[in-house]
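S.K.: sequence plus the predicted model coming up.
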Amino acid sequence: MLCAAGGALACLPAAAHGYDKGDIQVRHPWARATPPGAKVGAGYLEIRNTGKEPDRLIGAESPAAERVELHVQVREGDIVKMRDVTGLVAPARQRLALRPGGSHLMIVGLAKPLVKGDRLPLTLRFERAGELQIELEVQAADSRKGHH
């Protein structure tokens, strides 16, 4: 068991780095550590859809935050902006990567900053597969990709 101080990040099992539900597999879920007082963080992961039909990630939530938004990055001329979207498509028999500099989970209203070594509980909601409980492994603030 890995135990983190305070509230929603209580004692959680040191889980595997992959989660499955139906045709959906979630691999290497992680987040960057945030500075003291931070109220916003970002989550990253890979979704593999082994099914014959596309599925959509339509929402997420965490007891450690007020809300979790689905974001994409859009280029408008020379400026890159984040946009909140209602869903992200996981194409049939393909992968959808949520990573720094691209699509990601925006974790808003954190109860406490994310600290390296913590695990952040998260529920992902898929249109076809339904709900999937996962944990984001919190890594160093300067991480460029998940290290598992």
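M.R.: Structure received.
S.K.: ok, the spatially most central residue of the chain - contacts?
M.R.: The centroid of the chain falls nearest to Gly43 when counting by CA atoms, centre = their mean (3.6 Å). Counting by CB atoms under 8 Å, 6 or more residues apart in numbering, Gly43 touches Pro29, Trp30, Ala31, Ala60, Val68, Leu98, His104, Leu105, Ile107, Leu120, Leu122, Leu136. Glycine gets a C-beta too; all of them are placed from N, C-alpha and C.
S.K.: is it true that it lies in a helix?
M.R.: No. Per DSSP: H, G, I helix; E, B strand; the rest coil, Gly43 lies outside any helix segment and is strand.
S.K.: and the pLDDT at Gln73?
M.R.: On the pLDDT scale, Gln73 is placed at 89.
S.K.: and what of Val138?
M.R.: So, for Val138, pLDDT stands at 97.
S.K.: list the contacts for it?
M.R.: So Val138 contacts Trp30, Ala31, Arg32, Ala33, Leu114, Val115, Lys116, Gly117, Asp118, Arg119, Leu120 (CB under 8 Å, 6+ apart).
S.K.: for the last one, which non-adjacent residue is spatially closest?
M.R.: In this case it means Leu120. Leu136 (4.3 Å; CB to CB, 6 or more residues apart in numbering).
S.K.: roughly how far does the one you found sit from Pro113?
M.R.: 14 Å (CB to CB, to the nearest Å).
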